[in-house]
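Novice: pasting a predicted model and its sequence here:
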Amino acid sequence: MCGRYALTATPKEISEFFDLADLDDFPARYNIAPTQPILVVMSSERREPGSNLPERRAFLARWGFIPGWVKDPKEFPLLINARSETAIGKASFRAAMRHRRILIPATGFYEWRRPPKETGVKPQAYWVRPKKGGVIAFAGLMETWSSADGSEVDTAAIMTTGANATIRHIHERMPVVIAPEDFERWLDCKTREPREVADLMRPVQEDFFEALPVSDLVNKVSNMGPDLQKPVAVSPPEEEPPKKAKPDSSQMSLF
């Protein structure tokens, strides 16, 4: 987690939420998948006239983090998530945690409840959205990877943490959500070290999200319409023992 998400807010709503300059128009995206370009927000060293807050800038990055020391991305696992519990000390993310913390605008994410294979029951997709609606901010990390020929690509990963009670029956992980009042602290990589923002990398409050079962249309990246988020009726899941936490290498897999 997180392997798919959506950003369906208008550019104006996003600009206001993140205190950005006006964004160019772009379409709603209902099924954002790894390796696609995603919108990210970062602090800039420039400051708005008369403002005490750092100017924030928005730009596109590839969803799939590539550490600067990687020689050939084709031989490196796809890092779409960074585990918040280990990112500070992990070789792949250590530099980004110190110097390139970002926010990733979203309006919700998808998760799959995967019963044991022996049951023969198909995975059930859920659309997880804030109960109050609107835009949210995932914590993220960014790295600009440079190839041998001098070309560069901005890359990003979404930070995850242990799921809260609302999500735990679906999956054991969830994205880290940064509240607006904490944007400045999270994005301030100039004066705040990773240990000073570690308290922000926690599960969001229990009543923040609601999880709605949806059809398997979201399984295909080519499906991109609002019907992906239409709720469907499903049988209530049977209680299962809590899943064991995956090893750190799980952040190198798609889900």
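Specialist: Good, I have the coordinates.

Novice: tell me which residues of the helix or strand bottoming out on mean pLDDT in the chain are tucked away?
Specialist: Lowest on mean pLDDT, DSSP states H and E among the helices and strands of the chain sits strand 37-47, with a mean of 86. Buried residues in strand 37-47, counted by 16 or more other Cβ atoms under 10 Å: Ile38, Leu39, Val40, Val41, Met42, Ser43. Any C-beta I mention is one placed from the backbone N, CA and C, and that applies to glycine too.

Novice: what does stretch 125-145 give?
Specialist: Neighbour-count burial for stretch 125-145, with 16+ other Cβ under 10 Å as criterion, is recorded at 125-130, 135-143, 145.

Novice: quick check, nearest of the residues you listed to Gln205?
Specialist: Pro130 (10.8 Å; Cβ to Cβ).

Novice: who does that closest one bridge with?
Specialist: According to DSSP bridges, the partner residues bridging Pro130 are Phe209.

Novice: would you confirm that it contacts Ala211?
Specialist: No: under the criterion of Cβ atoms under 8 Å, Pro130 makes no contact with Ala211, lying 11.3 Å away.

Novice: could you pull out the strands for the protein?
Specialist: Ranges of strands within the chain are 4-7, 29-32, 37-47, 54-63, 81-83, 101-106, 108-113, 124-130, 136-146, 152-162, 173-175, 209-214, based on DSSP state E.

Novice: could you dump the ones you listed into JSON lines with distance to Val234 added?
Specialist: As requested, those are exported to JSON lines (distance: least, Cβ to Cβ, whole Å):
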{"stretch": "strand 4-7", "distance to Val234": "18"}
{"stretch": "strand 29-32", "distance to Val234": "20"}
{"stretch": "strand 37-47", "distance to Val234": "29"}
{"stretch": "strand 54-63", "distance to Val234": "28"}
{"stretch": "strand 81-83", "distance to Val234": "26"}
{"stretch": "strand 101-106", "distance to Val234": "24"}
{"stretch": "strand 108-113", "distance to Val234": "9"}
{"stretch": "strand 124-130", "distance to Val234": "6"}
{"stretch": "strand 136-146", "distance to Val234": "25"}
{"stretch": "strand 152-162", "distance to Val234": "24"}
{"stretch": "strand 173-175", "distance to Val234": "20"}
{"stretch": "strand 209-214", "distance to Val234": "4"}
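
Novice: of all those strands, which one comes closest to Glu75?
Specialist: strand 136-146 (13.3 Å).

Novice: distance of the residue most central in space within the chain relative to Ile38?
Specialist: By Cα atoms, centre = their mean, the chain has its centre lying nearest to Ile158, at 3.5 Å. Per Cβ to Cβ, to the nearest Å, Ile158 is found 9 Å from Ile38.

Novice: now do the longest helix along the chain, average pLDDT.
Specialist: Using DSSP state H, we find that the single longest helix of the chain is helix 11-18. Here helix 11-18 scores 97 as its mean pLDDT.

Novice: helices or strands next to it in the packing?
Specialist: If you count contacts as 3 or more Cβ pairs under 8 Å, 6 or more residues apart in numbering; DSSP states H and E, helix 11-18 packs onto strand 54-63, strand 101-106.

Novice: tell me which of those strands sits most buried.
Specialist: Mean neighbour count (mean count of other Cβ atoms under 10 Å) peaks for strand 101-106 among the helices and strands packed on helix 11-18, with a mean of 26.
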